[in-house]
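One predicted model, sequence on top.
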Amino acid sequence: MLNLVLLATVAYAATNIDNLFVLLAFLAQARSGRQRVIAGQCAGSLILIAGSILFAALLMHLPAGYPGLLGLLPIGVGLSQAWEHLGPGFAQWTKAGQDDARAGAGATASSASAAAAALSNAASTSSTRASSFLTVAGVAIANGSDNLAVYVPLYASHTPSENALISLVFVVMTGLWCAAALWLVEHPLLGAPIRRYGTALLPLILLAIGVSVIARDDTLRLVFGI
């Protein structure tokens, strides 16, 4: 059980590092309406969790071993992330990381400006109260492709009781993520090292999760006959 809790915790953290900084940007802009930003983030996260459970349930009808092939999704995302960092854009990424380290507060302010623009556009068609909630929820969902790539195979490779525990961990982590964002928004200098090292570790974490899903679901026997 402890191993499953740790796996779910790592899966959530690995796929929500980018969302943390988007959330920081929204919180930095919405000084007087942060409760609506938090509500939007929670709604978006819960929709992603529910969607992942639904997709995983549909895949449970496949023969043994086949759901484990979904482990290729986080592996693919991890390799893509690694290529972005180590491929042609490595020099630019390295320079960006160094710039983040020297100008953490400036990076957070820039992200806050982008979030402010998004909120401003949404406010042109509806009230400020509604647009802030819907915009944050929409961004969380739109930015959730990597979440689905990890959550679906994770759910598909475990029993219903284990999936209930995974969902509980995801819900608790969503609350902790929002609490961490509220704390970090008051300490913008801490954002730069988290972004730099978190982004660097993300491909390795995704690869490890994908391998664990494949190994658990008897997929190796299906593919390689072992």
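Here it is on my side, so go on.

all helices for this structure, in order.
Ranges of helices in the chain, per DSSP state H, are 2-15, 17-29, 34-59, 72-86, 90-102, 104-123, 128-142, 145-156, 160-184, 191-216, 219-224.

Okay, buried residues for the third one please.
By neighbour count, and taking 16 or more other C-beta atoms under 10 Å as the criterion, the buried residues in helix 34-59 are 34, 36-46, 48-49, 51-53, 55-56, 59. Where C-beta positions appear, they are placed from N, C-alpha and C, glycine not excepted.

And that helix, what does it pack against?
Packing partners of helix 34-59 (3 or more C-beta pairs under 8 Å, 6 or more residues apart in numbering; DSSP states H and E): helix 17-29, helix 128-142, helix 145-156, helix 160-184.

Kindly recompute the last result at 10 Å.
With contacts defined as 3 or more C-beta pairs under 10 Å, 6 or more residues apart in numbering; DSSP states H and E, helix 34-59 has these neighbours: helix 2-15, helix 17-29, helix 128-142, helix 145-156, helix 160-184.

Was I right to think residue 33 contacts residue 135?
No - the pair residue 33 and residue 135 does not pass the contact test of C-beta atoms under 10 Å, sitting 11.4 Å apart.

And stretch 138-147, end to end?
Chord length of stretch 138-147, first to last residue, is 14 Å (C-alpha to C-alpha, to the nearest Å).

which parts of it are buried?
Buried, per 16+ other C-beta under 10 Å, within stretch 138-147: 138, 139, 140, 141, 143, 144, 146, 147.

Identify, from the residues you listed, the entry nearest to residue 11.
residue 147 (8.9 Å; C-beta to C-beta).

So the closest one is in contact with residue 48, correct?
Yes - proximity of residue 147 to residue 48 meets the contact threshold set by C-beta under 10 Å, at 5.0 Å.

list residues touching both of these two?
15, 16, 19, 140, 141, 170 (C-beta atoms under 10 Å, 6 or more residues apart in numbering).

any chance of these in JSON lines, with pLDDT and distance to residue 180 too?
Formatted as JSON lines, the shared contacts of residue 147 and residue 48 follow (pLDDT from 0 to 100; distance: C-beta to C-beta, whole Å):
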{"residue": "15", "pLDDT": "86", "distance to residue 180": "15"}
{"residue": "16", "pLDDT": "88", "distance to residue 180": "10"}
{"residue": "19", "pLDDT": "79", "distance to residue 180": "11"}
{"residue": "140", "pLDDT": "82", "distance to residue 180": "15"}
{"residue": "141", "pLDDT": "82", "distance to residue 180": "20"}
{"residue": "170", "pLDDT": "96", "distance to residue 180": "15"}
